[in-house]
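[1] 3D, please:
(one chain, ligands or ions: 2)
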Amino acid sequence: MLVDSHCHLDFPDFTETLDDVVSRAHRAGVGHMLTICTHVTRFERVLAVARRFDSVHCTVGIHPHEAGKEPETSAETLMRLAEDPKVVGFGETGLDFFYEHSPRDAQERSFRQHIRAAREAALPVVVHTRDAEAETLRILDEEHAVGAFPGLIHCFSSGPDVAERAVDLGLLISVSGIVTFRKAEALRETIRAVPLESLLVETDAPYLAPVPRRGKRNEPAYTAHTAAVVAEVKGVTPAELAEATTANFFRLFRKATPSVAMGVMAAE
Ligand SMILES: [Zn+2]
Ligand SMILES: [Zn+2]
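    Ligands and ions are numbered 1, 2, ... in the order given. Now for the predicted structure:
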């Protein structure tokens with residue numbers, strides 16, 4: 001049984017077929033999904049998706065793209081919204097200097113509020129970083145010095161130095177379909193060196209469909225393709241990889257509980 005630790009089931013790409021999307025995931029061995037909030041103004045929609053399915057939990061947060069457009073949101077507000085039993089973490093947050101859809105200072109302020117919420121609520125923060133590795137590490141280091149917090153770097157695509165530093169800070173590394181791309185040899189090398197107990201797998205659906213679905217709309221069922229490649233890279237069987245990443249997920253997201261569907265799958 002696998003967990004898709006990062007997908008966006010509230011996106012319009014899915015509205016008509018959500019029941020089908022979730023059952024296809026279950027049939028593909030993906031027993032649990034974490035749907036990630038990108039706009040705090042759309043949080044209710046994300047929460048509604050999580051409430052609809054036993055096997056889906058959600059986060060609350062503001063994507064770095066939206067940091068300058070969404071209302072500035074304090075750690076206290078994030079923590080209050082995370083009191084719902086379906087909300088198990090914060091984000092996605094972080095820094096994206098590739099697109100820079102929001103000013104850098106707004107991204108940083110928002111990132112720090114999410115980290116503070118993670119520290120105080122002891123719930124994980126989901127970190128997005130693109131073309132901003134040095135700044136992301138600086139903020140993670142500074143905030144870690146204030147006090148430890150649980151979290152992960154999602155859709156990991158940085159170098160070995162970032163992976164190593166993140167693991168040192170107690171953060172997990174979540175691997176997306178990028179690892180299946182033919183040209184991603186450097187990423188596969190980086191992932192090979194990450195301890196199994198620090199790894200998660202995700203789709204980031206509807207984006208970034210793994211090979212052999214590349215170019216199509218992504219969905220949680222395709223986590224299996226990514227997991228197969230990660231297993232090969234780590235030199236373990238797909239079953240061992242699934243067992244480890246699923247255990248890592250529920251250890252990190254302590255509020256998430258395996259659904260009944262998952263119990264049935266585990267027993268099969
Ligand atoms: Zn992201
Ligand atoms: Zn995302």
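
[2] which residues does stretch 104-123 contact?
    61-62, 64, 67-68, 72-76, 78-79, 82, 88-91, 93-97, 124-125, 127, 135, 139-140, 143, 146-151, 253-255 (C-beta atoms under 8 Å, 6 or more residues apart in numbering). C-betas here are computed from N, CA, C, even on glycine.

[3] right, I mislabeled it, should have said stretch 234-248
    With C-beta under 8 Å, 6+ apart, stretch 234-248 has contacts from 1-3, 5, 29, 31-32, 172, 191-192, 196-201, 227-228, 230-231.

[4] can you select the buried ones from these in PyMOL?
    Here is the PyMOL command that selects the buried residues among the contacts of stretch 234-248 (16 or more other C-beta atoms under 10 Å):
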select buried, resi 1+2+3+5+29+31+32+172+191+196+198+199+200+201+227+228+230+231
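
[5] and residue 190, helix, strand or coil?
    What DSSP: H, G, I helix; E, B strand; the rest coil gives for residue 190 is helix.

[6] measure it to residue 160 for me?
    5 Å (C-beta to C-beta, to the nearest Å).

[7] likewise residue 227?
    Distance, residue 227 to residue 160, by C-beta to C-beta: 21 Å.

[8] and if you look at residue 15?
    39 Å.

[9] neighbour count: these two, which is higher?
    Higher neighbour count among residue 15 and residue 160: residue 160, with 15 against 11, using other C-beta atoms under 10 Å.

[10] phi first, then psi, for that one.
    Main-chain torsions, residue 160, degrees, to the nearest 10: phi -60, psi -30.

[11] does residue 156 touch residue 177 like I think?
    No - judged on C-beta atoms under 8 Å, residue 156 makes no contact with residue 177 at a distance of 11.7 Å.

[12] hey, where'd the helices end up in this protein?
    In the chain, the helices defined using DSSP state H lie at 18-27, 43-52, 75-81, 104-121, 133-146, 160-168, 185-192, 223-234, 238-252, 260-267.

[13] confidence-wise, which of those is weakest overall?
    Looking at the helices of the chain, the lowest mean pLDDT belongs to helix 260-267 (a mean of 58).

[14] against residue 140, how distant is residue 13?
    Applying C-beta to C-beta to residue 13 and residue 140 gives a distance of 31 Å.

[15] one more: residue 99?
    Taking C-beta to C-beta, one finds residue 99 at 21 Å from residue 140.
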